[in-house]
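Chemist: sequence and predicted structure are below.
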Amino acid sequence: MKISPTFALAAVLMMAQPADAQAVRSEVTAPNGVKVTVYTDEFAERYEYTAPMVQVGDGFVLVGRTDRGGTDGNVRLIGSFVYSGDWRFYDGALFRGGAQAEFVSQGRDVGRCSGSRYSRGCTLTESFAILINSEQLSQHARNGTLDVQVRSGRTGESVVFSVPVSYFEAVQQVAEARP
């Protein structure tokens, strides 16, 4: 069977084309000046938006939103704690003043473990999301920040994150500006 030169050239060009099926990272400055990181996966119709990280001790949160398949996601806090020692079992969140926030555990993980005369134990990670709607944001924000306490009912551990309201606004603005 003889292969035509046109067919051979077309086959080579198709094989040489890079696949366009991966997330592309970019940074967009929102109208309020906050830099938002955007991961775009057009093949999967998935768009992730995150504002800068807010760190407290061994934990962090990001304001984030994920849009999938033409459906807009909700802006929420996404966070983790990474530490050694005993599990803390974070299982709830409160707004300043004591109102309950919707806390969703995203899992616990055991990382690297070591044992020596200098240190013992494993690296533990607890991940979570806190769902926050616009009504809660306007009701509980004070002086330009939203304070959220992540807590453990088992151990009594608690950490307060103060997240700038401008981060929520920036993520929402950048997501809504997507064509």
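Modeler: Arrived safely, thanks for sending.

Chemist: quick one: end-to-end distance for stretch 110-130.
Modeler: Start-to-end span of stretch 110-130 (C-alpha to C-alpha, to the nearest Å) is 22 Å.

Chemist: same question, stretch 151-171
Modeler: For stretch 151-171, the first-to-last residue distance is 26 Å (C-alpha to C-alpha).

Chemist: lowest-confidence helix or strand of this structure?
Modeler: In the chain, the helix or strand scored least confidently by mean pLDDT, DSSP states H and E is helix 5-16, which has a mean of 39.

Chemist: and after that one, which helix or strand comes next?
Modeler: Along the chain past helix 5-16, the next helix or strand (assigned with DSSP states H and E) turns out to be strand 24-29.

Chemist: mind listing what's buried in that next one?
Modeler: Using 16 or more other C-beta atoms under 10 Å as the test for burial, strand 24-29 gives residue 28. The C-beta positions use only the backbone N, C-alpha and C, and glycine is treated the same way.

Chemist: and it, what other elements does it pack with?
Modeler: The criterion is 3 or more C-beta pairs under 8 Å, 6 or more residues apart in numbering; DSSP states H and E, and the helices and strands that strand 24-29 contacts are strand 35-41.

Chemist: how about the nearest residue to residue 26 once chain neighbours are set aside, what does it touch?
Modeler: Spatial nearest neighbour of residue 26, excluding adjacent residues (C-beta to C-beta, 6 or more residues apart in numbering): residue 38 at 5.0 Å. By C-beta atoms under 8 Å, 6 or more residues apart in numbering, residue 38 lies in contact with 25-28, 47-49, 174.

Chemist: hmm, try it at 10 Å
Modeler: Going by C-beta atoms under 10 Å, 6 or more residues apart in numbering, residue 38 touches 23-28, 47-50, 171, 174-175, 178.

Chemist: farthest pair within those?
Modeler: 24 and 171 (17.9 Å; C-beta to C-beta).

Chemist: please, which helix or strand holds residue 136?
Modeler: Short version, using DSSP H and E: residue 136 is in helix 134-140.

Chemist: off-centre distance for whatever helix or strand comes next after that helix?
Modeler: As assigned by DSSP H and E, the chain's next helix or strand after helix 134-140 is strand 145-151. The chain centre lies 16 Å from the centre of strand 145-151; the measure is C-alpha atoms, centre = their mean, to the nearest Å.

Chemist: what about the closest residue to residue 157 other than its chain neighbours, how many residues nearby?
Modeler: Excluding its sequence neighbours, the residue lying closest to residue 157 (C-beta to C-beta, 6+ apart) is residue 88, at 4.6 Å. By the criterion of other C-beta atoms under 10 Å, residue 88 has 22 neighbours.
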